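Asker: I'd like to go over a predicted model; first the sequence, then the structure.
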Amino acid sequence: MKNIVEFKNVTKCFKDFSLENINLQIKQGYVTGFVGANGAGKSTTMKLMMNLLQADTGEVKIFGMDYAGNEKEIKERMGFVYDSNVFYESLNLKDIRRIIAPAYKNWDDKTFYNYIKIFELPLNKAIKTFSKGMQMKASLAMALSHDAEFIMMDEPTAGLDPVFRRELLDILQEIMEDGRRTLFFSTHITSDLERIADYITFIQKGKILFNDSMQNVQDRYALVKGSIDLLNQDTEKLFIKTERSSYGFQALTNDAAEVKILLGDRVVVEEATLEDIMFYAKGAKHQNV
Amino acid sequence: MFNLIKKDLIIQKTQIILFIPLIIFLILFARDISPIFIFLVAGAYISANAYVYDGMVESNILLNSLPYTRKLIVTSRYIGAMVYMVLSMAMAGAVLYLFDYSYDMMDMAIAAGLFFIFAAIAFPLFYILKPAYIGVVMFIGMIALAIGFQPAARFLERNLITITDFITSLSTTMLYLSGAAIAIGLYLISWIISQFIYQRKVF
C-alpha cells in the first residue's frame, strides 16, 4: 500500500507549543481521520502538510516528493478545506472561480458547475453571506473540480448542524468510491470518524499516540470494568488509565486480547469508542498508548 | 504569474470603478495641485489596495495552498505593481488630457520614480507587519519625520551651498538618470528583501 503523505521524525517548535518527532503515514485510497483535543497540534500538522509552515527538523513527503522544488506539482494534486473561510469574503463564487480555476492545470468547469448544483450553492452571493456549511461545500467543490487526488480537511464538520454533517459524510463517502482519492480530515467529533474512517491518527500534546487502522484500534482498545481487588501491579500495567470508585474500577486498555487471557470472566470488557480513548488518554499517567 | 496579477483586478472590481471619479475629483477640486501628485496617487492606487486585501492571513493561506510558490507570489506583486502603475498613469494621463489639465512626460516620470521609492519602503513592511499595525507604523514614521525635520533642515542650511553646487554641476539628463537609477535600484533591493521575508513567513 502506497503512502500519499509521509512524515519522518518531524519536529516543529513554537514558543509555547511543539510538535515532537512526528511519524505519520497516510495511505493512498483511504480515509484517515485525525483526532486530538483542541490545541493538540492538528492544525499545525496540517499546515506542515500544506507547506504553510516548515519543519525545524525531519522530512515531509507528499506523493513521495519533497516540497523543495516540487511545490507546484504537489499542490496541483492536493485539495484543501480549512476550518475557517480563506476565500476573499467580499467576492462571489463566480469571481472566486475566476481566481482559483486558472491556478490548476486540471481544472474542469463542468465538474465545478455540477458540484455547485449538487451542493445548491449560489453563484452570485458574496462568500461572507454563506453559512459555515456553505463555505465548506464551496471549498470542497473547488477541491473536487481540479480532480485532487489528496484532499486535506481541517475540522470540516465543526460548527455544522447534524443534518448537514450526515449529508457531508455521505458526500465524502461518495467521492471516495472510485478509490482514486485519499482523504485526511481532522475532527474532534469522533463519531464522524467511526462512520467513515479507515485509519485513525491520534495526536496528543504534539505527539502522535497511534496511527493505525480503525479495525486494529477497535480490536486493541477496550474498556475494562471489574472489582477493585483485581487491581495489582501486574494487572495495572495492562491499563492506560484506571478510574476507581466504590463499586469497582473502570480502565482503558490497549491490549484487549491480553486482558481477556489474564482476567477472563472476572472482568467485563466493552468496546471502547474513540471518545473513550481520547478521554482516557488525556489523563493517562504513562503514555504507551 | 499572469493569473496572480489578474487576481488584483477581480478582487478590486468596485474600487476600480471608483478610480476615474477619483482622478476627476482631484482635477476639479484640487486644481492647483501638481500633476505629479495625481499621477502618484493613480499609480499607487491598485497596488496599495491589493496589499490591504492580501495582508489578511486568510488570503495568504489561500494563495499558498494553491499551486503557487512563495517566490512567484512576491514576484507577481512587484511586477504587477509596475504593470498597474503604467496602466493607471496612462489612464490618469488620458483623463487629465480630456480635462485640459496641463502636464508633461516629466511629471509622469517623477511620479513613477516617487512610486518606486514609496513601494520599495512600503512593500516589505506590508509583509512584516500585520495590517492593523501599519497605521501605527505610519504614525510613528510621521512623528520621527517631524522630530527629524528640524535637524535635517539645519544640516541642509549649513551644507546647502555645497549640495546645490554639486547638483547644478550635474547636467539635467544626468540628474534625472541618476534619480531614476536610485528609484529603480531601491525597488529591486526591496524586491529581494521581500522575497527573503516572505519565504520565512509563518501563516
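Answerer: Received, thanks.
Asker: Okay, buried residues for the helix or strand bottoming out on mean pLDDT in chain A please.
Answerer: Least confident helix or strand of chain A, by mean pLDDT, DSSP states H and E, is helix A:233-236 with a mean of 80. Going by neighbour count (16 or more other C-beta atoms under 10 Å in any protein chain shown), the buried part of helix A:233-236 is A:Thr235. All C-beta spots, glycine's among them, are computed from the backbone N, C-alpha and C.
Asker: which residues are contacting it?
Answerer: Residues outside helix A:233-236 that contact it (C-beta atoms under 8 Å, 6 or more residues apart in numbering or on different chains): A:Thr242, A:Leu262, A:Leu263.
Asker: Tell me the buried residues in stretch A:223-235?
Answerer: Applying 16+ other C-beta under 10 Å to stretch A:223-235 flags A:Leu223, A:Val224, A:Gly226, A:Leu231, A:Thr235 as buried.
Asker: Could you list the residues in contact with stretch A:42-55?
Answerer: For stretch A:42-55, contacts defined as C-beta under 8 Å, 6+ apart pick out A:5, A:7, A:10-12, A:14, A:17, A:19, A:22, A:24, A:34-36, A:60, A:62, A:67, A:71, A:74-75, A:78, A:80, A:83, A:152, A:154-155, A:184, A:186, A:203, A:206, B:61, B:64-65, B:202-203.
Asker: Kindly report the same for stretch A:8-20.
Answerer: By C-beta under 8 Å, 6+ apart, stretch A:8-20 touches A:21-24, A:39, A:41, A:44-45, A:48, A:53, A:55-61, A:206-207.
Asker: which bits of chain A sit near chain B?
Answerer: Selection of chain A residues close to chain B by C-beta under 8 Å from any C-beta of the partner chain yields A:47, A:50-53, A:71-76, A:78, A:80, A:82, A:84-88, A:90-91, A:95, A:98-100, A:102-104.
Asker: Provide the partner residues of the residue nearest to A:Glu73 when sequence neighbours are not counted in its beta bridges.
Answerer: Residue nearest to A:Glu73 in three dimensions, not counting chain neighbours: A:Met65, with 6.8 Å by C-beta to C-beta, 6 or more residues apart in numbering or on different chains. Counting by DSSP bridges, A:Met65 forms beta bridges with A:Ile62.
Asker: Number of residues surrounding A:Met65?
Answerer: 14 (other C-beta atoms under 10 Å in any protein chain shown).
Asker: From B:Ile38, how far off is it?
Answerer: 50 Å (C-beta to C-beta, to the nearest Å).
Asker: B:Ile121: neighbour count?
Answerer: With neighbours defined by other C-beta under 10 Å, the count for B:Ile121 comes to 13.
Asker: is it true that it touches B:Tyr187?
Answerer: No - taking contacts as C-beta atoms under 8 Å, B:Ile121 lies outside contact range of B:Tyr187: 9.9 Å.
Asker: Quickly list the domain ranges of chain A.
Answerer: Domain assignment for chain A by the TED database gives A:3-214, A:222-271.
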